[in-house]
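Novice: Quick check, what structure comes out for this input:
(one chain, ligands or ions: 2)
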Amino acid sequence: MIFLGLGSNIGNRKQNLMRAIELLNHHNDIIVRQISSIYETEPYGVKEQDDFLNAVIVVETKLFPEELLDVCLTIESRMGRTRELRWGPRVIDIDLLSYNNEAMHTERLTLPHPFFALRKFVLVPMAEIAGDFIVSDGMTVKNLLMQCPDSSNVTLYFG
Ligand SMILES: Nc1ncnc2c1ncn2[C@@H]1O[C@H](COP(=O)(O)OP(=O)(O)OP(=O)(O)O)[C@@H](O)[C@H]1O
Ligand SMILES: Nc1nc2c(c(=O)[nH]1)N=C(CO)CN2
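Specialist: Ligands and ions are numbered 1, 2, ... in the order given. Here you go, the predicted structure:
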């Protein structure tokens, strides 16, 4: 399974997430298979910024990981994202969380995403759609969430 994490904390956050999902699904080589609920989440890392909306989706694609990354980066820039502060505010962020559990490390791409197991804003939506999915060493997404040291607030968003 291929998981993407989406986040936004600038502008119409929900519309930004929906637009990114629509653009991904419109790509000829990508099918969006599952979409989690949207969660409102406290900023992780750099705290002095507005709350995020986050979601996780499952996609099906024959694109290689770096090709999929390129599509994500292109969508980010089409949506007006400029490269700013690391862990700072953004219109849209699309992360490759896991690509069929493959491990790789290049200058441009690390898989699985290096921090996903430490972030509740990723694990809560991921557990909603694939809680029993085994990530590594027999650990499921639910297991990771139970062990996750992140105590920040993650709540379902009804806006
Ligand atoms: N698994 C991955 N998913 C997305 N980008 C990745 C991944 N691994 C490495 N990168 C690289 O990270 C670069 C910077 O990403 P970005 O600006 O979104 O970082 P960030 O969101 O501030 O921090 P973080 O990566 O901790 O979420 C991307 O241009 C990409 O080349
Ligand atoms: N809650 C939350 N915090 C973040 C997020 C995010 O998507 N959600 N993205 C960041 C940049 O990687 C930094 N901090």
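Novice: what packs against the worst-scoring helix or strand of the chain on mean pLDDT?
Specialist: Within the chain, no helix or strand scores below strand 134-136, which has a mean of 91 by mean pLDDT, DSSP states H and E. If you count contacts as 3 or more C-beta pairs under 8 Å, 6 or more residues apart in numbering; DSSP states H and E, strand 134-136 packs onto no helix or strand. (Glycine included, C-beta is placed from N, CA and C.)
Novice: what sits up against whichever helix or strand comes after it?
Specialist: Counting by DSSP states H and E, the next helix or strand C-terminal to strand 134-136 is strand 139-140. With contacts defined as C-beta atoms under 8 Å, 6 or more residues apart in numbering, strand 139-140 is touched by 131-134.
Novice: Can you list the buried residues in the least confident helix or strand of the chain?
Specialist: Neighbour-count burial for strand 134-136, counted by 16 or more other C-beta atoms under 10 Å, picks out V135.
Novice: Just confirm yes or no for it near ligand 1.
Specialist: No: Strand 134-136 is not in contact with ligand 1 by C-beta under 6 Å from any ligand atom; minimum separation 13.8 Å.
Novice: quick one: secondary structure of the closest residue to ligand 2 within the chain?
Specialist: For the chain and ligand 2, the shortest gap (C-beta to the nearest ligand atom) falls at G7, measuring 2.5 Å. Classification of G7 by DSSP: H, G, I helix; E, B strand; the rest coil places it in strand.
Novice: now S151, nearest residue through space, not along the chain?
Specialist: K120 (7.9 Å; C-beta to C-beta, 6 or more residues apart in numbering).
Novice: What parts of the protein come near ligand 1?
Specialist: So the chain meets ligand 1 at 69, 73, 86-87, 93, 95-96, 108-111, 113, 115 (C-beta under 6 Å from any ligand atom).
Novice: Can you narrow the residues you listed down to the ones near ligand 2?
Specialist: Counting by C-beta under 6 Å from any ligand atom, 87, 93 from the residues of the chain next to ligand 1 sit close to ligand 2.
Novice: For F116, grab the count of nearby residues.
Specialist: 22 (other C-beta atoms under 10 Å).
Novice: Provide a list of residues in contact with it.
Specialist: F116 is in contact with 5, 95, 97-98, 122-123, 126, counting by C-beta under 8 Å, 6+ apart.
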